[in-house]
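1. Need a 3D model of the sequence below.
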Amino acid sequence: MVDIWNKIYPCNPQWKVINTMKGMEWDDLRVFLAVQRGQSVRAASALLDVSHSTISRRLNAMEAKLETRLFVRTPTGLVATETGLSIIERAERIEAEVLGIEREVAGRDVGLFGPIRISMPPVLAHYLIMPHVAEFARLYPKIEVEIIAAYDIVDLSRQHADIAIRFQDKPDDYLVGRRLPDFSNCVYATPEYLATHDITGPEPTARWVGWGSSRMQPGWKQVKELKRCKVAHMASDPMTQLAAVRENLGMAYSLCLLGDRDPRLVRVPPGKVYKERQGWVLTHPDLITSERVRVCVRFLVAAFAQHKDLLAGIGR
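-> The predicted structure follows:
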C-alpha cells in the first residue's frame, strides 16, 4: 500500500514524514526544535547543553531516516525546508506534552530535598540575595540550590528554571507568584564630577553613562532636571555602569540597592527617588504543589521584605 501511495503522491514530503516519524525519538525532536529555534548547530548545542557533534549527528540521522533535508543553510543561518516546516507544529505539541508530564511529576514531589533552580538578575545575586540563599541552604541541607544569574528571561514552561525573580510590570498570565517590594531608582554621580560639570544649564556638560540599550531611556525621561544631558559612554550592566560612574565618566540611572550602598556616590538631585520597576517571584503552576518550591518561594518573599527600605531608597 505504501508503494502504491508513493506512486500516486511521489512529491508529497508530509507523507514521507508521517510514514517515518513513528520511528523517531523524543531526543530527535528536541534536537530538531533546538536547531529550528537557534537557526544553527552552535545555537542548538547551547540551548540543549550538548556538544556540536551530538547535534550534527542526530540531525544527520533524522534526515537519513526521513530521506529528506530538514534544513538548508542560508546567509542568516539554517532555515527549515518544506518538510521541516510540516513537522514543526506537531513536534511542538509533543514537546508541550512531554514538558507537562515532567512538570506534573516534579510538582508531585512533596519532600524537602532535591534540586531547585532559581533564575534572577546578576545584580540581585551579587548584592542582595546570596546571604539568604546560604541561610536557606543551612535550613534545608537536602535541597540543592542552583542560581542562574542572567538578565535573560528564562522560560519556566520549558523548565529552564523552577523559580524566577524578575523585574517585570506584567508577568505572563500562565505563571503564579508573589509581588515583591517596589524597586526604586536614582541618578548617581561622584561629588567630584558634579563639582566640575554643569547639569542643569541650557547646554550642560554632564553626561550619562548608558547601557547601550534603549530599555533604559524611559527611566531617564523621568529625570526632567537632567533631560538636556546627553549619553557619552556605555556599559553592559548596572554594576559596570556604576564602576564607570565612580571613575567620573558621567552619571547613571541605577537601582537604589546599588547606588545607596556606595559611599563614593551621591544622588542627583539630592534625595530624589524614581520608582520604575516591579519585582516578582514566579513559578509555573504545575510546580506550586512541590513542597520545596513552595517553601523556597515563601522564603524568598520574606527575604526581600527585610530589605524593603533599601529597595525603595528610604533612609539615605
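
2. Could you check the pLDDT of Ala235?
-> pLDDT, the model's per-residue confidence, is 88 for Ala235.

3. swap that for Gln39, please
-> Reported pLDDT for Gln39: 84.

4. Now do it against Val297, distance only.
-> With the distance defined as CB to CB, to the nearest Å, Gln39 ends up 35 Å from Val297. Just so you know, the C-beta spots here come from the backbone N, C-alpha and C atoms, and that holds for glycine as well.

5. how about the helices of the stretch 151-300 of the chain, start to end?
-> Using DSSP state H, counting those that start in this stretch, the helices of the stretch 151-300 of the chain run over 191-196, 217-221, 238-246, 256-259, 291-305.

6. ok so, going back, Gln39 and Val297: which is more packed in?
-> Ranked by neighbour count (other CB atoms under 10 Å), Gln39 and Val297 place Val297 first, with 22 against 17.

7. so who does that one touch?
-> 163, 177-178, 281, 283 (CB atoms under 8 Å, 6 or more residues apart in numbering).

8. what would these look like in CSV with distance to Ser51?
-> Formatted as CSV, those follow (distance: CB to CB, whole Å):
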residue, distance to Ser51
Ile163, 29
Gly177, 35
Arg178, 39
Val281, 34
Thr283, 31
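
9. Pick out whichever of those sits closest to Arg261.
-> Val281 (22.3 Å; CB to CB).

10. neighbours of that closest one, just the number please.
-> The number of residues near Val281, taken as other CB under 10 Å, comes to 23.

11. cool, and Leu300?
-> Neighbour number of Leu300 under other CB under 10 Å is 21.

12. what's near enough to touch the closest residue to it other than its chain neighbours?
-> Residue nearest to Leu300 in three dimensions, not counting chain neighbours: Val281, with 5.1 Å by CB to CB, 6 or more residues apart in numbering. Contacts for Val281 were tallied using CB under 8 Å, 6+ apart; they are 163-165, 177-178, 180, 297, 300-301, 304.

13. out of the helices of the stretch 151-300 of the chain, nearest to Lys170?
-> helix 217-221 (15.0 Å).

14. farthest pair in the contacts of Val297?
-> Among the contacts of Val297, Ile163 and Arg178 lie farthest apart (CB to CB), at 10.5 Å.

15. so where is the protein shaky, pLDDT-wise?
-> Counting by pLDDT under 70, the ranges of the chain that qualify are 1-24, 100-111, 212-222, 316.
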